[in-house]
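A.B. asks: next one to model:
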Amino acid sequence: MKKLVYTMAVLSTFAFAACNNTPSYKINGSAEGIADGDTVYLQQLDGGNLIKLDSAIVTNGKFIFTGRQDTAVSRYITYVKGDKHFFDELFVENGNITAFLGEESKASGTTNNDIYQEFKDKFSSMSKELNDFYMNYKNDSTLTDTQRDSLDNITNQKDSLIYDMVYQTINKNIENPVGYLIFQRYVSAFELNQIKSLLEKIPAQYANTPTIQKMQEHVTLMNKTAVGQKYTDISMKDPDGNDISLSTYVTKNKYTLVDFWASWCGPCRQEMPNVIAAYKQFAPKGFGIVGISLDKDGDAWKKGIKDLGITWPQMSDLKYWESAGTKAYGINAIPATVLIDQQGIIVERDLRGDALTKRLGELFQ
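C.D. replies: As a prediction, this is how the structure comes out:
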């Protein structure tokens, strides 16, 4: 009998020890600019909305979150009061995490948080350098056009370096939660071949997620509408409510530029003078443009056409990003262009500025 009691006691001790050794996380937080007694929250981003999962009271400038997390997940520590809005995105994963919440929030201490914080620091530093460089010459009226073009080229090179860093970080970390998260955030910045390369390396635990499935569908669509492929015809309404089709203009013009834009799109409005200049120069030679607007307000669309001085045919279904045009050509950022020849073959995609004029000059030689 004593032996049985002893055995049960030993088992109970082991069970208690096992319970104490269950993996858990502890977020040791410090706050700056947050009063003692105020509340900070641990939140999850779901469909564009933050959902509160846990809360902690700030005491002596400190706060703590504890729990258990089977797999690393992206979460936010937040504080909003009056005009103070502090957010820190971090990975909640088992281990001891150190978090700082304030104007420059940070998190470290566990594998994924260390990787992610290093990335955020690099991205922030490179972006600041780029912005400072650009702002230093943007409003300098003493610069010649040649000097400004040279500085614009340097700006573009610096911008490319940033996104090369982003790509390399994803490529290096594609099998962990950090790479997967950054991939989702920046996928629209990459070329099709880069996206395909990363998708080939996606591990099984992410391969069937809705996000990755959507990327795979996007790649399939982009392959279908890549340079050298047959164009996809689209029919929509013109500003007067008449039905028009892209095919009408493709068969009529030697080359037709499909210009995806919207009246609410700042970069589109900035690019429009370049498009207008190209149209004036090459229209007499057989160049045409068809605008496909992602507007959702018909009056705003018509006003944008008038204000910008657009004179070529326009079409829209006023469905914003759900436009039939975006779905047909895999458009996820505007301005965007697709250049089609008279036989209906896609010649180029995403020509802008000087690149558009240069390519048209080659084609109309």
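
A.B. asks: any low-confidence regions in the stretch 1-150 of the chain?
C.D. replies: Counting by pLDDT under 70, the stretch 1-150 of the chain has low-confidence residues at 1-22.

A.B. asks: and the helices in the stretch 201-350 of the chain, which stretches?
C.D. replies: Using DSSP state H, counting those that start in this stretch, the helices found in the stretch 201-350 of the chain span residues 204-207, 210-224, 246-250, 266-282, 298-308, 324-329.

A.B. asks: who wins for proximity to residue 360 among the ones you listed?
C.D. replies: helix 266-282 (4.9 Å; Cβ to Cβ). (Each C-beta comes from the backbone N, C-alpha and C, glycine too.)

A.B. asks: check which helix or strand covers the nearest residue to residue 165 once chain neighbours are set aside.
C.D. replies: When the adjacent residues along the chain are set aside, residue 165 lies closest to residue 122, with 6.1 Å between them (Cβ to Cβ, 6 or more residues apart in numbering). Of the helices and strands defined by DSSP states H and E, residue 122 is found in helix 111-138.

A.B. asks: list the buried residues in that helix.
C.D. replies: By 16 or more other Cβ atoms under 10 Å, the buried positions in helix 111-138 come out as 112-113, 115-117, 119-120, 123, 126, 130, 137.

A.B. asks: same for that helix, what does it pack against?
C.D. replies: strand 84-92, strand 106-108, helix 145-172, helix 177-186 (3 or more Cβ pairs under 8 Å, 6 or more residues apart in numbering; DSSP states H and E).

A.B. asks: may I see those organised as a markdown table, with distance to residue 305 and mean neighbour count added?
C.D. replies: Converted to a markdown table, those look like this (distance: least, Cβ to Cβ, whole Å; neighbours: other Cβ atoms under 10 Å):
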| stretch | distance to residue 305 | mean neighbour count |
| --- | --- | --- |
| strand 84-92 | 38 | 20 |
| strand 106-108 | 47 | 19 |
| helix 145-172 | 28 | 14 |
| helix 177-186 | 32 | 20 |
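
A.B. asks: possible to save these as TSV with distance to residue 230?
C.D. replies: Converted to TSV, the helices and strands packed on helix 111-138 look like this (distance: least, Cβ to Cβ, whole Å):
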stretch	distance to residue 230
strand 84-92	43
strand 106-108	49
helix 145-172	30
helix 177-186	30
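
A.B. asks: indicate which one of these is closest to residue 251.
C.D. replies: Relative to residue 251, the nearest member of those by Cβ to Cβ is helix 145-172, separated by 36.2 Å.

A.B. asks: got the CA coordinates for stretch 277-288 in CSV?
C.D. replies: Written as CSV, here are the backbone C-alpha positions of stretch 277-288 (Å, rounded to 0.1, in the frame of the first residue of the first chain):
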residue,chain,number,x,y,z
ALA,A,277,2.3,63.8,-74.5
ALA,A,278,2.9,60.3,-75.9
TYR,A,279,-0.6,60.3,-77.3
LYS,A,280,-0.1,63.7,-79.1
GLN,A,281,3.2,62.6,-80.5
PHE,A,282,2.2,59.1,-81.8
ALA,A,283,-1.5,59.3,-82.4
PRO,A,284,-1.0,60.5,-86.0
LYS,A,285,1.1,57.3,-86.6
GLY,A,286,-1.6,54.9,-85.5
PHE,A,287,-1.3,54.9,-81.7
GLY,A,288,-4.4,54.8,-79.6
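
A.B. asks: need the mean per-residue confidence for it.
C.D. replies: The pLDDT scores in stretch 277-288 average 96.

A.B. asks: tell me the contacts of the spatially closest residue to residue 23 that is not a sequence neighbour?
C.D. replies: Residue nearest to residue 23 in three dimensions, not counting chain neighbours: residue 94, with 3.9 Å by Cβ to Cβ, 6+ apart. Neighbouring residues of residue 94 by Cβ atoms under 8 Å, 6 or more residues apart in numbering: 23-25, 68-69, 110.

A.B. asks: same check on residue 227?
C.D. replies: Residue 227 neighbours (Cβ under 8 Å, 6+ apart): 346-349.

A.B. asks: out of the residues you listed, who's the most crowded?
C.D. replies: The residue in the contacts of residue 227 with the most neighbours, by other Cβ atoms under 10 Å, is residue 346 (20 neighbours).

A.B. asks: could you find the closest non-adjacent residue to residue 211?
C.D. replies: Computed as Cβ to Cβ, 6+ apart, the closest residue to residue 211 that is not its neighbour in sequence is residue 184, at 5.4 Å.

A.B. asks: what does the pLDDT read for that neighbour?
C.D. replies: You'll see residue 184 listed with a pLDDT of 91.

A.B. asks: was I right to think it contacts residue 209?
C.D. replies: No. Counting by Cβ atoms under 8 Å, residue 184 does not reach residue 209; the two are 9.2 Å apart.
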